[in-house]
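# Sequence first, predicted model second:
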Amino acid sequence: MKKKTKSIVVLVVAFLGVTALVAGASFYRIFLSENVRNPGMTVIVPPGSTFGQLMDTLAKHEVLKSEQTFRRTAKILNYKRIRIGKYDISNCRSNLDLVRLLRRGQHYPVKFTFNNVRTVDQLVERVGHKFFFEPEELAALLHDPSYMQKYGLTDTTAVCLFIPNTYEVFYDVTAGEFLDRMHDNYRKFWNDERQSLAQGIGLSSVQVATLASIVEEENMRPSEKAIIAGLYINRLHKGMLLQSDPTVKFALGDFGRKRILNADLLVDSPYNTYRYKGLPPGPIRIPEASTMDSVLHYRHHDYLYMCAKEDFSGYHNFTASAAVHAQNAARYRKALNARNIKR
């Protein structure tokens, strides 16, 4: 009887051992064996994707050696919530690796800093591929006047939405959510106090940004910003042409010019302030917050004219006299000629 019992125990142990081996082998095959065929690619999961659509994407790009084992892994791990993102699967080898990556999602903050940007297209290029949305999606919204109406802007004034700073934005935002985030900061900047200051000058927030963009293109030196702003505000209030060289550069699409010629002043563009009175239709760059504050707190004086100093220090000669300005301009032209600067 004892021998029979021992035999049964041995058989049970052997059976359990075989079962464990089979289960272990099955576990390894399903969860841990190499099943990712193309680890060097990126899997894109768009918004609203279902598990079936995810499987279609994996099949289309031949990511998996065995779809069946991946499905079993997903079922056992209760992987149901599909998170959008661009997933780099270079470190994935097994079904378990891939499910863990996809389940984790890409809802993490990305630091985004921008400054020294002139146009919408430059801004889109700066954003690049930092977020889930494609740059083309952002460009389409910024160039769409009907969409920009929701922010009280147009495609021409869309850059006003952006206040240069460092932001933390979640990676998986859509292009629209990204613009909403920028609008939140825009509204915080344009608080009641700043809006009241703008109204006191007779300008809207967009016009302040536009004037600030001209001031910034004229000179980035903090000590002159408020003076330059006051000069242009004097001209606006007198109904004079602003006659700002940077607006001509913008109209020409040539920001690297060091010298504006008489022929350049003939360019027919609403941005050419030598031909059209008032401010241009929109900013000629995205101005810094400090420059907009320099406009809001502009220096009160009687200057109407400015010309870069002939020592190329970056500073300007200011005057209320057209005759004195002509003398300043002549000295500057002579200095340009001496350095053989023609354009």
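Looks like it came in fine. Numbers count the residues shown, from 1 in each chain.
# okay, CA-based contacts and neighbour counts for the rest of this
Noted.
# Quick check: pLDDT value at residue 105.
For residue 105, the model assigns a pLDDT of 86.
# for the one 4 residues further on, same thing?
As summarised for this prediction, residue 109 has a pLDDT of 90.
# That one - how many residues pack around it?
The tally of other residues near residue 109 (other Cα atoms under 10 Å) stands at 14.
# ok, it to residue 170 distance?
In this view, residue 109 and residue 170 are 4 Å apart by Cα to Cα, to the nearest Å.
# what's the first-to-last distance across stretch 148-166?
Taking Cα to Cα as the measure, stretch 148-166 stretches 23 Å from start to finish.
# what about residue 147, which helix or strand?
With elements taken from DSSP states H and E, the one containing residue 147 is helix 145-148.
# neighbouring contacts of that helix?
The set of residues that contact helix 145-148 without belonging to it, under Cα atoms under 8 Å, 6 or more residues apart in numbering, is 141, 142, 153, 154, 155, 158.
# Buried residues of it, list them for me.
Residues of helix 145-148 classed as buried under the neighbour-count rule (16 or more other Cα atoms under 10 Å) are 145, 147, 148.
# Looking at those residues, spot the one nearest residue 66.
residue 147 (44.7 Å; Cα to Cα).
# Check the gap between the closest one and residue 176 for me.
Relative to residue 176, residue 147 is positioned 10 Å away (criterion: Cα to Cα).
# cool, residue 243 as well?
Relative to residue 176, residue 243 is positioned 37 Å away (Cα to Cα).
# wait, residue 211 sits on residue 285?
No - at 10.0 Å, residue 211 and residue 285 do not qualify as touching, with contact defined as Cα atoms under 8 Å.
# So which of these two has more stuff around it?
The residue with more neighbours, out of residue 211 and residue 285 and counting by other Cα under 10 Å, is residue 211; that gives 26 against 23.
# Please name the residues that touch the residue nearest in space to the middle of the chain.
The centre of the chain sits closest to residue 127, judged by Cα atoms, centre = their mean, with a distance of 3.6 Å. With contacts taken as Cα under 8 Å, 6+ apart, residue 127 has the following neighbours: 112, 135.
# Could you report the pLDDT at it?
In this model, residue 127 is scored at 93, pLDDT.
# How about the one 3 residues further on?
According to the model's per-residue confidence, residue 130 sits at a pLDDT of 91.
# And it, how close does it get to residue 111?
Taking Cα to Cα as the measure, residue 130 falls 9 Å from residue 111.
# Show me what whichever helix or strand residue 327 is part of is packed against.
When secondary structure is defined using DSSP H and E, the element that contains residue 327 is helix 322-338. Identification of packing neighbours for helix 322-338 by 3 or more Cα pairs under 8 Å, 6 or more residues apart in numbering; DSSP states H and E yields strand 305-308, strand 316-319.
# Partner strands of the first one, with direction?
The partner list of strand 305-308 in its sheet, established with DSSP bridges, is strand 316-319 (antiparallel).
# May I see the buried residues of the partner strand?
Neighbour-count burial for strand 316-319 flags 316, 318, 319 (criterion: 16+ other Cα under 10 Å).
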